[in-house]
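> fold the following.
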Amino acid sequence: MLDRRKNIPTLRAVTMPERATSQKARESWHLLGIISEFVEAAERLSEIRPAVSMFGSARTKPGTPIYEQTQEIARKLSDAGFAVISGGGPGVMEAANKGAFEGASPSVGLNIELPFEQHGNPYQDISLRFRHFFARKVAFVKYAAAYVVMPGGFGTLDELFEALTLIQTGKGRRIPIVLVGSTFWQGMLGWIEDTLAQQGMIGVDDLKLLHVADDSDDVVNYIFDFYEAKGFATTAAEREQLLYL
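Model (predicted):
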């Protein structure tokens, strides 16, 4: 029989009192910083509903078709009564905030501190700043009634698959997820259907979690159609789910 005993040190094993105290203080301060981000998000966003989180590339330039379409979608959502939540930075995030800022409902930016790319755009009625990606991601999901995903890179895909995972596993409530731009998304969708679904990595019904749209009115109408059948009010079970994101 193998001897599975291992030397697994804990913080209590630190023999130097000064080092142990310093390490504990650093970790405690870090935890307080994380808690403060969740508290501020709850304080500022709990009543900003219904809201739609919009994602897309930070590298999208003003005046390009994707930028203009993002701004148009955000403006229509804002005038329809939805607050619009973006990452608060440039590119698609700026276009989303700009469209909402010009509309009737709040424009929200969940800014993240990064060594490059990210700087806050000026079109935010509510602006929050995060140091931790995971706290920011919780805010994107927790306060959103829908996701609108424009073309983007790794960060956009990260947010998209995070939402899909939460819904698929029952950790998040079912919300509309709209992919804008059929040409951009067709390769990924084909791989999901032909590889993931065919090999049993996901269920066939998981494919129904995504809706593809090319027209801005289709985006807005799909979200309204979803909630016309379901209603905007969260159920007791959904409120319970949100506590454990």
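> contact partners for the most centrally placed residue in the chain?
For the chain, the residue nearest the mean C-alpha position is Phe140 (3.6 Å; Cα atoms, centre = their mean). By Cβ atoms under 8 Å, 6 or more residues apart in numbering, the residues touching Phe140 are Ser53, Ile85, Leu110, Glu159. Bear in mind the C-beta positions are built from the backbone N, C-alpha and C, glycine included.
> would the first one count as being in a strand?
Right, the one you point to is Ser53. Yes: according to DSSP: H, G, I helix; E, B strand; the rest coil, Ser53 belongs to a strand.
> from Val138, how far off is the nearest residue to it once chain neighbours are set aside?
Excluding its sequence neighbours, the residue lying closest to Ser53 (Cβ to Cβ, 6 or more residues apart in numbering) is Ala144, at 4.0 Å. Using Cβ to Cβ, to the nearest Å, Ala144 is found at 11 Å from Val138.
> ok, those two, which is more surrounded?
A direct count of neighbours by other Cβ atoms under 10 Å for Ala144 and Val138 places Ala144 higher, at 26 against 18.
> need the three-state assignment for the more buried one.
Once three-state DSSP is applied, Ala144 turns out coil.
> what pLDDT does the model give it?
Turning to Ala144, the model gives it a pLDDT of 93.
> spit out the contact partners of the closest residue to Phe82 other than its chain neighbours.
Nearest non-adjacent residue to Phe82, counting by Cβ to Cβ, 6+ apart: Val52, 4.8 Å away. Counting by Cβ under 8 Å, 6+ apart, Val52 makes contact with Leu77, Phe82, Ala83, Val84, Ile85, Ala144, Ala145, Ala146, Tyr147, Val148, Ile223.
> please redo it, this time with the cut-off set to 6 Å
With contacts defined as Cβ atoms under 6 Å, 6 or more residues apart in numbering, Val52 is in contact with Leu77, Phe82, Val84, Ala146, Val148.
> how about Arg59?
Gly91.
> tell me if it really is in a helix.
No: looking at Arg59 with three-state DSSP, it is coil, so not inside a helix.
> mind checking how far it is from Pro151?
10 Å.
> now Gln23
Counting by Cβ to Cβ, the gap from Gln23 to Pro151 is 44 Å.
> and if you look at Tyr227?
In terms of Cβ to Cβ, Tyr227 sits 25 Å off from Pro151.
> pull out the buried positions in the helix or strand bottoming out on mean pLDDT in the chain.
Sorting the helices and strands of the chain by mean pLDDT, DSSP states H and E puts helix 236-242 at the bottom, at a mean of 75. Across helix 236-242, burial judged by 16 or more other Cβ atoms under 10 Å covers Gln241.
> only alpha carbons, please: show it as CSV.
C-alpha atoms of helix 236-242 as CSV (Å, rounded to 0.1, in the frame of the first residue of the first chain):
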residue,chain,number,x,y,z
ALA,A,236,-37.9,32.8,-5.5
ALA,A,237,-35.8,30.0,-7.0
GLU,A,238,-34.0,32.5,-9.3
ARG,A,239,-33.3,34.8,-6.4
GLU,A,240,-31.8,31.9,-4.6
GLN,A,241,-29.7,31.1,-7.6
LEU,A,242,-28.3,34.6,-7.7
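> what lies in contact with that helix?
Against helix 236-242 from outside (Cβ under 6 Å, 6+ apart): Lys142, Arg173.
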